[in-house]
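Q: quick one: sequence plus predicted model below, questions after.
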Amino acid sequence: MQLHVAITWLLLLCIYVVKGDGNDWVSPLYVITRGESYSASTGSAAEKRIIGAAVWSAAKGPWSVVDQNIRAPSKDAKDYLSWAPYWFPDCNWCNSGTGTQSDGDDDGSDDTSDGDMSLGPIAPGTATIPLPGLGGVPNAPKDTVTVPTSGKMPAPTRAASPPIALLPGDGKGSPTMTVALQQPAVLNAGQSFQRLSEAGTIDSLLDSNSTSIDDARSPEEFEKSSFLAASTAFTASSLNGTPAGPTPLVQIAARDHSDANRAVARGKIGEITPSRAAADGCHTASQHLNARASKCTPSTTRVAPTATWTTCPYKQRDGKVNPDVKQLNNTKDIVSMAQSVLWNGVAYGLSNDSTDAQRASTLIKRWFLDARTGVNPRVVYGQVIRGPDDQQGGYTGILDWRMIIKVVNAVIILRAKGSEGWDSVTASSMSGWANDYLSWLLTSADGKRASKVANNHVSFYYNQVIALYILLGDLKSAQNAANTFFTGAFMKQISDDGEQPYEAVRTRPFHYRCFNLEALITNAKLADNMGLNMWSARTESGATIQTAVDYTMTLDAGMTGEDVTELAPHVAAVAAAYGDPTGKYAKWLEDENNSGDPDMNQSWRFYNDPDAFYSSPYKGHTTSSQKFNL
C-alpha cells in the first residue's frame, strides 16, 4: 500500500514538474473564443495543463507583500523590498577586534541563475516559485555616443469607453478604423547611451567591480528627440490585409456584461499622493562610496550577519547572484501571485468555471487592494544596493514588477466575461491602484531612468506601461506607448545580423538575449491586440524580432553553460506571427532538447497559436505600424 502511494505521488510529481511562464501576453479574445467550444475531451494538452495549474498554483496563496519578515528602510510593511541580486559585501574587516564576518568574496554558492526567464520546476501543491534574483545592472563604458529615440510619453488618461471609431471607408472599398492620439502631457527622454560596439574589449565591459553604485543608479540615457504630433492618428487600413472592424481589445470590451470595466477610480490619473511624492523624494540625495584603498571596516565586537547590510560597501559581480537575496520573500511571491492569477484567469476564460475567477480575484485583492495587505503602488525599494550610505532602490527594481502584465491579462478576461468575482467595487479599486502605479512609473526619477536605458530594462518597462494603459481603458495612450518603444529604444536593440549588442556583452549572453526577446515579443503582442503591426517594425539596421530569434537559434547555449529551452517560447511566437513556410521553426521545436517540452503541454504552446495573432505578417499584414516624426 505504501509503495502504491509513493508511486502515485511520483507520477503526480512528473505531471506537475513544469515551468511557469516568462512574461507573455495571450489574446483575451482568443482565450474567450476558444472557451466557447472548449471541452475536456477535445482540449489541447496545454489547455488542460493551464486549467489544472490554476488549482494547484493557488494552493500556497494568497500572497502579500507584508508576509516578508525583513522590512524596507521606510518601515512600512506595505512597501515592496528586494535586494540587487548581483551585489556582494566587500567588508575588508580590520584585523583588530573579534569580528568574524568574511570579506564577501566567496558567495558560498555555484548557482549563477538569477531567474530572469526560467521560473523553474513546480511540484504538486506548490506555487512559490524560486526566483533568487531579477535583472541586474549592465556595465557601461564611460565613452558614449548619442542614440536617437522617440522619447515622449503621454501622461495617463482614462476613457470611459474604448476610444476607437469606425469610419465609413478609405475610398478603396474597405472600412477604416482610426484611433486619434492624445498627448495631454509629455515626458522627455534623456541624453545619451553608449554604443557597445564601440566600447572596447568585452573584458573591460565585464569587469564587475568597475561599476560604482552611483553609475548603476544613474545610467547613461538616450538622446532627446521628438515624437508624433498630437494630431497624428493610427489608421488600421494602412496595414495590408487589416480586417474591417474593431481591434481584438475593443471586441473584448464590447463583450463586458458588467459595468466593472468602466468603474472610475478615485482621483485623477497622473496625480501622485503626498505620501508617494515624499517617498520618491528620497532619491534626490545622490550617495557615493568612499575610496577604500588602504582602508578597512572597524569591528570591535562580534558582527551580526545583518550588520553587513548597512556597514559594508557592496560591489557588483554581473551574473552572479548573492544567495542572501533569497531571504526576501517579495521577489518570488510577486512571481507566484502573478503566475497563478494568469493561469486562473485563462482557465476561467476556457472553462467558464466561476471558481477559477474567484481564485484570481482573491489573489489580486490580497496582493494589491486589501487595506492591510495591499502593496504600495511604487517600487522605491526595489533591488536596493546595500551599504553604509544610500538604502534606496534604483531603476532596476522596476524589473521586479514586470509580472504585473500577467495580472492585467487576467483582469481583461474576467472583465470581458462579466465575472461575478470582478464587481464594480473591485474594478474601481484596481483601476485606482493601477493609476497610481502608472503615474509613479511615468513621473518618478527611477521610472524616467528605466524609460531611457537601452537594454532589456526599457523593454520590460514598456511591457508594464502599455499594459497599465490597457487596463485603464486608455487605448490611445497604450498605442502611443507601443509606438514610442518601437520607434525609440527598439531601434538600437537588434543589429542587421540579429545580434542584440546590449545583451551579448553580459556574463550569460544567451540568457539575456532570450530575456530581451521575451519583452520584445510581449510588446509586439500588446500592439497586435490594438491593431498595430509591430512584428514588421525594423531597427535602424533593418532587423525585426524575427531576425533576432533566427540569429539566436544558431547559437550554442551549451558553450556558455546556458539553457537553450529559454528560446523555445520565442521560436513558437515567431512561427505564429511570421509563418513557417520551410518548417524550420517546427523542426527546431520538435527537438525535445530545444523545447524542453516532451509532453507538448507548456503554456506558451497555447499562447502562441496563430489564431491568437491578428495584425501579423502571417495574417497578411506586411507594413510596419511604426510612426516617425516626418
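A: Alright, I've got the coordinates. Residues are numbered from 1 along each chain as shown.

Q: use CA for all of it now, contacts and neighbours both
A: OK.

Q: just checking, residue 487 touches residue 628?
A: Yes: with contact defined as Cα atoms under 8 Å, residue 487 reaches residue 628; the gap is 6.7 Å.

Q: show me which of the two is the more surrounded one.
A: Taking other Cα atoms under 10 Å, residue 487 and residue 628 do not tie; residue 487 has more neighbours (26 against 16).

Q: report the separation between the more buried one and residue 37.
A: When distance is defined by Cα to Cα, to the nearest Å, residue 487 is 39 Å away from residue 37.

Q: repeat for residue 445
A: Here the distance between residue 445 and residue 37 works out to 48 Å (Cα to Cα).

Q: between these two, who's got more neighbours?
A: Ranked by neighbour count (other Cα under 10 Å), residue 445 and residue 37 place residue 445 first, with 18 against 11.

Q: where does that one land on pLDDT?
A: For residue 445, the pLDDT comes out at 97.

Q: can you give me the neighbour number for the closest residue in space to residue 536 that isn't next to it in sequence?
A: Distances taken as Cα to Cα, 6 or more residues apart in numbering place residue 624 nearest to residue 536, at 4.7 Å, with adjacent residues excluded. By other Cα under 10 Å, 20 other residues sit near residue 624.

Q: again, but for residue 461
A: 25.

Q: confirm that it sits in a helix.
A: Yes: under DSSP: H, G, I helix; E, B strand; the rest coil, residue 461 sits within a helix.

Q: where does the prediction get shaky in the stretch 1-150 of the chain?
A: Counting by pLDDT under 70, the ranges of the stretch 1-150 of the chain that qualify are 1-20, 93-150.

Q: and what of the chain?
A: Applying pLDDT under 70 to the chain flags the ranges 1-20, 93-245, 256-303, 305, 630.

Q: show me where it has its strands.
A: 81-83, 87-89, 153-154, 165-167, 176-180, 186-187, 233-235, 314-316, 381-384 (DSSP state E).

Q: okay, now the sheet partners of the first one, with direction.
A: Right, the one you point to is strand 81-83. strand 381-384 (parallel) (DSSP bridges).

Q: contacts for the strand it pairs with?
A: Strand 381-384 is contacted from outside by 72-73, 79-85, 391-398, 400, using Cα atoms under 8 Å, 6 or more residues apart in numbering.

Q: check contacts around residue 530.
A: Residues near residue 530 by Cα under 8 Å, 6+ apart: 247, 248, 249, 250, 475, 479.

Q: and with 7 Å instead?
A: 247, 248, 249, 479 (Cα atoms under 7 Å, 6 or more residues apart in numbering).

Q: could I get these as JSON lines with neighbour count and distance to residue 432?
A: Formatted as JSON lines, those follow (neighbours: other Cα atoms under 10 Å; distance: Cα to Cα, whole Å):
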{"residue": "247", "neighbour count": "22", "distance to residue 432": "25"}
{"residue": "248", "neighbour count": "21", "distance to residue 432": "24"}
{"residue": "249", "neighbour count": "23", "distance to residue 432": "21"}
{"residue": "479", "neighbour count": "24", "distance to residue 432": "21"}
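
Q: hmm, which two among the residues you listed are most spread apart?
A: 248 and 479 (13.3 Å; Cα to Cα).

Q: now do the longest helix along the chain: which elements does it pack against?
A: When the chain is parsed with DSSP state H, its longest helix is helix 330-351. Helices and strands touching helix 330-351, by 3 or more Cα pairs under 7 Å, 6 or more residues apart in numbering; DSSP states H and E, are helix 28-35, helix 45-57, strand 81-83, helix 354-364, helix 404-416.

Q: among these, which comes closest to residue 616?
A: From the helices and strands packed on helix 330-351, taking Cα to Cα, the stretch that ends up closest is helix 28-35, at 14.7 Å.

Q: which helices and strands sit right next to that closest one?
A: Helix 28-35 makes packing contacts with helix 330-351 when contacts are defined by 3+ Cα pairs under 7 Å, 6+ apart.

Q: can you state the direction angle for the helix it packs on and helix 354-364?
A: Taking axes from the mean of the first three to the mean of the last three Cα atoms, to 10 degrees, helix 330-351 and helix 354-364 form an angle of 160 degrees between their directions.

Q: mean neighbour count, the helices and strands packed on helix 330-351: which tops it?
A: strand 81-83 (a mean of 28; mean count of other Cα atoms under 10 Å).

Q: who's in contact with that one?
A: 72, 325, 328, 330, 331, 381, 382, 383, 384, 385.

Q: go with 10 Å
A: 65, 68, 70-74, 132-134, 309, 322, 324-332, 379-386, 391-393, 397, 400 (Cα atoms under 10 Å, 6 or more residues apart in numbering).

Q: please indicate which of these are buried?
A: Among the contacts of strand 81-83, those classed as buried by 16 or more other Cα atoms under 10 Å are 65, 68, 71-72, 132-134, 309, 322, 325-326, 328-332, 379-386, 391-393, 397, 400.

Q: so which of the contacts of strand 381-384 sit within helices?
A: Using DSSP H, none of those sit in helices.

Q: if I look at residue 36, how far off is residue 29?
A: Distance of residue 36 to residue 29, computed by Cα to Cα: 11 Å.

Q: what of residue 382?
A: 34 Å.

Q: now do the helices in the stretch 451-600 of the chain.
A: For the stretch 451-600 of the chain, the helices defined by DSSP state H, counting those that start in this stretch cover 456-471, 475-486, 501-504, 509-528, 545-553, 568-578, 584-590, 592-595.
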